[in-house]
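> Everything below, folded, please.
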Amino acid sequence: MPSVVPGYPEAVGAWLADRHGVHVSQPAFTERPTEPLAPAAWWESVWAQGIALLVLLAGFAGYGLFALLRSRGTRSARWLAGLGTLTVAGFVGLLGWAESSGMKNLGPVVFGRPLSWMVLQLLAVATVVALVGMLVRRRGTLVPVIAGIVFLPWAFYWGLLVP
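Predicted structure coming up:
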């Protein structure tokens with residue numbers, strides 16, 4: 001852990017007192033206690049999140065491309081694949097943008113949340129509605145349904161389905 005050079009706080013305090021006519025009795029440097037982070041649960045690990053992301057992208061985007069190229073699949077399955085792909089890709093894009101910008105420029109804020117996040121939440125709700133529609137009709141293929149079932153806990157974990 002880096003330490004402060006001996007005499008530095010006093011020198012800064014004296015310099016400030018000379019500049020502003022204020023006497024600094026105690027330096028602003030204080031020791032902050034730190035606590036180690038709790039270990040991540042298995043579902044929070046990089047490999048579990050990576051597998052979930054692969055299942056989601058393969059199930060949604062893979063099925064969507066297959067249905068588009070082969071002109072197959074039910075309308076509800078195509079909706080689920082399209083909405084799921086938009087939601088997952090949008091989340092990954094927003095997460096990357098937030099990381100690269102240092103969480104400083106996420107766009108306009110509405111009701112205390114970035115507008116881009118609210119759009120992702122609406123897409124997540126639409127994805128769940130499309131999944132429920134497929135499950136109720138019992139029509140379509142199993143691939144987007146499996147991706148939709150994996151999507152539910154993934155979206156809750158990341159806060160996409162949390163108000």
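
> all helices in this structure, in order from the N-terminus.
8-20, 46-57, 63-70, 75-100, 115-137, 142-157 (DSSP state H).

> Now do the longest one: which elements does it pack against?
Contact partners of helix 75-100 among helices and strands, from 3 or more Cβ pairs under 8 Å, 6 or more residues apart in numbering; DSSP states H and E: helix 46-57, helix 63-70, helix 115-137, helix 142-157. (Glycine included, C-beta is placed from N, CA and C.)

> just to revisit the earlier point, among the helices of the chain, which comes closest to T34?
helix 8-20 (20.8 Å; Cβ to Cβ).

> Can you show me the CA trace of the closest one as PDB?
Extracted as PDB, the C-alpha positions of helix 8-20 are listed here (Å, rounded to 0.1, in the frame of the first residue of the first chain):
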ATOM      1  CA  TYR A   8       3.900  16.100   3.000                       C
ATOM      2  CA  PRO A   9       0.500  16.700   4.800                       C
ATOM      3  CA  GLU A  10       2.100  19.400   7.000                       C
ATOM      4  CA  ALA A  11       3.700  21.100   4.000                       C
ATOM      5  CA  VAL A  12       0.400  21.100   2.100                       C
ATOM      6  CA  GLY A  13      -1.400  22.500   5.100                       C
ATOM      7  CA  ALA A  14       1.100  25.300   5.600                       C
ATOM      8  CA  TRP A  15       1.000  26.100   1.900                       C
ATOM      9  CA  LEU A  16      -2.900  26.300   2.000                       C
ATOM     10  CA  ALA A  17      -2.800  28.400   5.200                       C
ATOM     11  CA  ASP A  18      -0.400  30.900   3.400                       C
ATOM     12  CA  ARG A  19      -2.600  31.000   0.300                       C
ATOM     13  CA  HIS A  20      -6.000  31.400   1.900                       C
END
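
> Centroid-nearest residue for the protein?
With distances taken as Cα atoms, centre = their mean, L95 lies nearest the centre of the chain, 5.1 Å away.
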